[in-house]
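J.: Dropping the sequence and predicted coords here.
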Amino acid sequence: MTVKIRPYRKGGWEVDIMIRLDNGQRYRERRRAPVESKSGALRWGQQRERYLLTHGPDSAAPAKTTSPGLEVETEKKEVPTFAEFAPRFLEGYAKANRHKPSTIEGTEKNLRVHVLPAFGDRRLDELTQEDIQRFKGQRTHLANKTVNHHLSLMRCMFTAAVEWGVIEQMPVELKRLKVTKTTMDFYDFDDFEALVSAASEIDRRVLLMVLLGGEAGLRSGEIRALEWSSIDFRRRMLTVERSEYQGHVTLPKHDKIRQVPMTTRLTEALRAHRHEHGPRVLYKEDGSSLARHTLREWLTPACLDANVRYRSPHCLRHTFCSHLAMRGAPVRAIQELAGHADLKTTQRYMHLTPAALEGAIRLLEQPSPSFAGRGDIMETPCPG
């Protein structure tokens, strides 16, 4: 029993399967893989081999030639609908790959709210390009990025169905919508200082929330899950190693554990907040763990007292990255401190306030550098 793959000159992969049937005869099948990658073609060939060993070749379906020297054996399959395949996809893809609980919940919601109402009764292999375009056209009320998430989910479903032998090939091409690059919203320097001052007057917990987001760059789930064991007061270092989502504690996003040096203000606020309620840094008034909405409830009155526009708690993290960028921190350092998996995410924060732009223009009013004059250029005489 062997499975070999060979590249075609014009792209794609030939899968060559050789097995021995129950009657002792040798059976060979060569087919064009329905996937583009080499590893995917090998996995598909191994799945096809297992199918042939279990069910045998379909003698009722005649072989046909699609290109010289390549015989393809066709077989009739009962292809499931989107609604029938969705539970299998959630279990065999999202949960089997150990996606975070928040990711699994988001996948299930997008299936239930968007994909299944549109295509639930359709078979996976019968979608057309027009169906996809109609799907996009019916969602003009959603942001392009949101629609692209739905298209990516469908692509994952099709890819899994191909790799699992449910369908032969991708039925449609899923072209993403163009997304305009946007800068992140954040609290400017004065607004952030006003917010810190207002939070300190309300409650030490509110102050800590503002500082953990704005001066350490923690996400909301990381703030809720932060424990005293992750704080080193001697080295003034905070380790971000947990995140919480609806009672589930996991690693931070992208599974990136990171260390963040603490500012003096954050260190002092943490020292002043030491308690014996439990291992976590922040609890509610009654000693229970924070819920997802708790941080919003804490931030709202602080924004009102500071007379600044309310932004979500996650905007504190945007503030952390933006302030570092505006103060000249290297982009790689910001990436490490924020725990970004992709440098492109960090580059979205490399924008400047109007005051910084004005300072850049003032550089043009300074004296010219000494090397700019032609008199500084020395000519080397030619030999001879």
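T.: It's in.

J.: which stretches of this protein have low pLDDT?
T.: 1, 58-77, 183, 350-359, 370-384 (pLDDT under 70).

J.: quick one, what contacts the nearest residue to residue 274 once chain neighbours are set aside?
T.: Leaving out its chain neighbours, the residue that sits closest to residue 274 by C-beta to C-beta, 6 or more residues apart in numbering is residue 228, at 7.8 Å. Placement of C-beta: from N, CA and C, glycine included. Going by C-beta atoms under 8 Å, 6 or more residues apart in numbering, residue 228 touches 274, 279-281.

J.: one more time with 10 Å
T.: By C-beta atoms under 10 Å, 6 or more residues apart in numbering, the residues touching residue 228 are 270, 273-275, 278-281.

J.: Can you say which of those residues are buried?
T.: Buried members of those, scored by 16 or more other C-beta atoms under 10 Å, are 270, 280-281.

J.: Save those as TSV, and put in secondary structure too.
T.: What follows is those, written out as TSV (DSSP: H, G, I helix; E, B strand; the rest coil):
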residue	secondary structure
270	helix
280	strand
281	coil
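
J.: I'd like those laid out as JSON lines, including distance to residue 205.
T.: Output for the buried ones among the contacts of residue 228, formatted as JSON lines (distance: C-beta to C-beta, whole Å):
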{"residue": "270", "distance to residue 205": "11"}
{"residue": "280", "distance to residue 205": "11"}
{"residue": "281", "distance to residue 205": "9"}
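
J.: what's the closest of the residues you listed to residue 167?
T.: residue 280 (47.1 Å; C-beta to C-beta).

J.: hey, what's that closest one bridged with?
T.: When assigned by DSSP bridges, residue 280 has beta-bridge partners residue 227.

J.: Would you enumerate the residues in contact with it?
T.: Contacts of residue 280 (C-beta under 10 Å, 6+ apart): 223-230, 242, 244, 289-290.

J.: Distance check, the residue nearest to residue 157 when sequence neighbours are not counted against residue 191.
T.: If the residues on either side of it in the chain are set aside, residue 157 comes closest to residue 89, at 5.4 Å by C-beta to C-beta, 6+ apart. As judged by C-beta to C-beta, to the nearest Å, residue 89 and residue 191 stand 44 Å apart.

J.: Who has more neighbours out of the two?
T.: Using other C-beta atoms under 10 Å as the criterion, residue 89 and residue 191 rank with residue 89 on top: 21 against 17.

J.: all strands of the chain, in order?
T.: Ranges of strands in the chain, per DSSP state E, are 2-7, 13-20, 26-32, 63-67, 70-73, 231-232, 237-240, 243-245, 248-250, 258-261.

J.: Nearest to residue 106, out of those?
T.: Proximity to residue 106 (C-beta to C-beta) singles out strand 243-245 among the strands of the chain, at 10.6 Å.

J.: could you point out the longest helix in this structure?
T.: As assigned by DSSP state H, the longest helix anywhere in the chain is helix 144-163.

J.: Grab the CA positions of stretch 255-263 and hand them over as PDB.
T.: Extracted in PDB, the C-alpha atoms of stretch 255-263 (Å, rounded to 0.1, in the frame of the first residue of the first chain):
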ATOM      1  CA  ASP A 255      -0.900  31.700  22.900                       C
ATOM      2  CA  LYS A 256       1.800  34.400  23.400                       C
ATOM      3  CA  ILE A 257       2.900  34.800  27.000                       C
ATOM      4  CA  ARG A 258       4.700  38.100  27.400                       C
ATOM      5  CA  GLN A 259       6.400  40.200  30.100                       C
ATOM      6  CA  VAL A 260       5.700  43.900  30.500                       C
ATOM      7  CA  PRO A 261       7.900  46.200  32.700                       C
ATOM      8  CA  MET A 262       5.600  48.100  35.000                       C
ATOM      9  CA  THR A 263       5.500  51.900  35.200                       C
END
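
J.: and the strands of the chain as TSV, adding distance to residue 333 and mean neighbour count?
T.: As requested, the strands of the chain are exported to TSV (distance: least, C-beta to C-beta, whole Å; neighbours: other C-beta atoms under 10 Å):
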stretch	distance to residue 333	mean neighbour count
strand 2-7	43	13
strand 13-20	43	18
strand 26-32	48	15
strand 63-67	54	10
strand 70-73	54	14
strand 231-232	20	15
strand 237-240	15	20
strand 243-245	22	21
strand 248-250	26	15
strand 258-261	11	16
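
J.: May I see the ones you listed arranged in JSON lines, with distance to residue 119 as well?
T.: Below are the strands of the chain laid out as JSON lines (distance: least, C-beta to C-beta, whole Å):
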{"stretch": "strand 2-7", "distance to residue 119": "32"}
{"stretch": "strand 13-20", "distance to residue 119": "29"}
{"stretch": "strand 26-32", "distance to residue 119": "27"}
{"stretch": "strand 63-67", "distance to residue 119": "29"}
{"stretch": "strand 70-73", "distance to residue 119": "28"}
{"stretch": "strand 231-232", "distance to residue 119": "49"}
{"stretch": "strand 237-240", "distance to residue 119": "40"}
{"stretch": "strand 243-245", "distance to residue 119": "29"}
{"stretch": "strand 248-250", "distance to residue 119": "30"}
{"stretch": "strand 258-261", "distance to residue 119": "40"}
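
J.: Thanks a lot, see you next time.
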